[in-house]
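**Student:** below is the structure, and that's it, no one-letter string:
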């Protein structure tokens, strides 16, 4: 009744319903069943899970129903056993975010949580956290830098991209940016580097590449070493419609290709 009244009086407002604090368990299933029956607009899902869960669920929205309520990934963060902001946790979140982007007809919004934490504040510090700060310094975590990569390279519309051959440990999304460039995101969630070839009919010439990586999957940015996990800019050459790339272990790459 309340939802109907809000929709009638304020059609510009979207009501976000909750599926509970967990996913893939009984209460979550019951909540989704009820909310579908009630024709809910948007359903908030939360997941604070370990790296393996994120990699297993990176494609979960590929098979979600295309009708009915849409999804708001309202709270999520990959939790290492130590709860540190490791490169691995950021890469696993990037794999999940490729799924968000690839399925933007289902996943309407997402938000990392939590956002800020003052290292000098007394009492309990929730970890992980996206941005740490003190009285004079701000620390960008690996997780923040993944969020920045995606935010600054968001396409206007998605494009299909399929794999040929062994793609284990690889996750991706692709789309067309406002200026017409093709934006491809590739996540390598493995200890070994990978050679990949993008066959996209690209014109011959240079394409821009951004890659987030570190020395190991346990790398963590600190105030003393703020760029242990960083984003490096480079370029690759398109030839004959293809671009060959080398992915570092546990890395996130963004490729922008002129059309």
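**Tutor:** Right, received. Where do you want to start? Given the structure is predicted, the values throughout are model-derived calculations rather than measurements.
**Student:** what is the subsequent helix or strand relative to the helix ranked longest in the chain?
**Tutor:** Counting by DSSP state H, the longest helix found in the chain is helix 87-102. Next in sequence after helix 87-102, counting helices and strands by DSSP states H and E, comes strand 107-112.
**Student:** so how far is residue 105 from residue 28?
**Tutor:** 21 Å (C-beta to C-beta, to the nearest Å). Every residue, glycine included, has its C-beta placed from N, CA and C.
**Student:** how about residue 231?
**Tutor:** 29 Å.
**Student:** out of these two, which sits in the more crowded spot?
**Tutor:** A side-by-side neighbour count of residue 231 and residue 105, using other C-beta atoms under 10 Å, places residue 231 first with 18 against 11.
**Student:** might one say that the more buried one is in contact with residue 212?
**Tutor:** Yes - applying C-beta atoms under 8 Å, one finds residue 231 in contact with residue 212, separated by 4.9 Å.
**Student:** list the residues that contact both of the two?
**Tutor:** With contacts defined as C-beta atoms under 8 Å, 6 or more residues apart in numbering, the residues shared by residue 231 and residue 212 are 145, 149.
**Student:** my guess is residue 131 meets residue 137, correct?
**Tutor:** No - using C-beta under 8 Å, residue 131 is not in contact with residue 137, being 10.9 Å away.
**Student:** which one of those two has more residues nearby?
**Tutor:** Taking neighbours as other C-beta under 10 Å, residue 131 and residue 137 compare with residue 131 leading, 16 against 10.
**Student:** need the pLDDT of that one.
**Tutor:** Looking at residue 131, its pLDDT is 96.
**Student:** tell me the contacts of it?
**Tutor:** Contacts of residue 131 (C-beta under 8 Å, 6+ apart): 115, 116, 117, 138, 139, 140, 141, 144.
**Student:** relative to residue 221, how far out is the last one?
**Tutor:** Yep, that's residue 144 we're talking about. In terms of C-beta to C-beta, residue 144 sits 9 Å off from residue 221.
**Student:** pick out whichever of those two has more residues nearby.
**Tutor:** The neighbour count for residue 144 versus residue 221, taken as other C-beta under 10 Å, is higher for residue 221 (24 against 21).
**Student:** ok, the more buried one - contacts?
**Tutor:** Counted by C-beta under 8 Å, 6+ apart, residue 221 has contacts 85, 139, 140, 141, 142, 227, 228, 229.
**Student:** returning to what we had before: type out the ChimeraX command that picks the buried ones from the contacts of residue 131.
**Tutor:** With 16 or more other C-beta atoms under 10 Å as the criterion, this ChimeraX line picks the buried residues out of the contacts of residue 131:
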select :117,139,140,141,144
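**Student:** pLDDT added to the contacts of residue 131, as JSON lines?
**Tutor:** Compiled in JSON lines, the contacts of residue 131 are given as follows (pLDDT from 0 to 100):
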{"residue": "115", "pLDDT": "92"}
{"residue": "116", "pLDDT": "93"}
{"residue": "117", "pLDDT": "92"}
{"residue": "138", "pLDDT": "97"}
{"residue": "139", "pLDDT": "97"}
{"residue": "140", "pLDDT": "98"}
{"residue": "141", "pLDDT": "98"}
{"residue": "144", "pLDDT": "98"}
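**Student:** and the next helix or strand past the helix or strand containing residue 184?
**Tutor:** Using DSSP H and E, residue 184 sits within strand 182-188. With elements assigned by DSSP H and E, the helix or strand that comes after strand 182-188 is strand 194-202.
**Student:** tell me the angle that following strand makes with strand 182-188.
**Tutor:** 170 degrees (axes from the mean of the first three to the mean of the last three C-alpha atoms, to 10 degrees).
**Student:** which positions in strand 194-202 come out as buried?
**Tutor:** 194, 196, 198, 200, 202.
**Student:** okay, and the beta partners of the third one?
**Tutor:** Right, residue 198. residue 243 (DSSP bridges).
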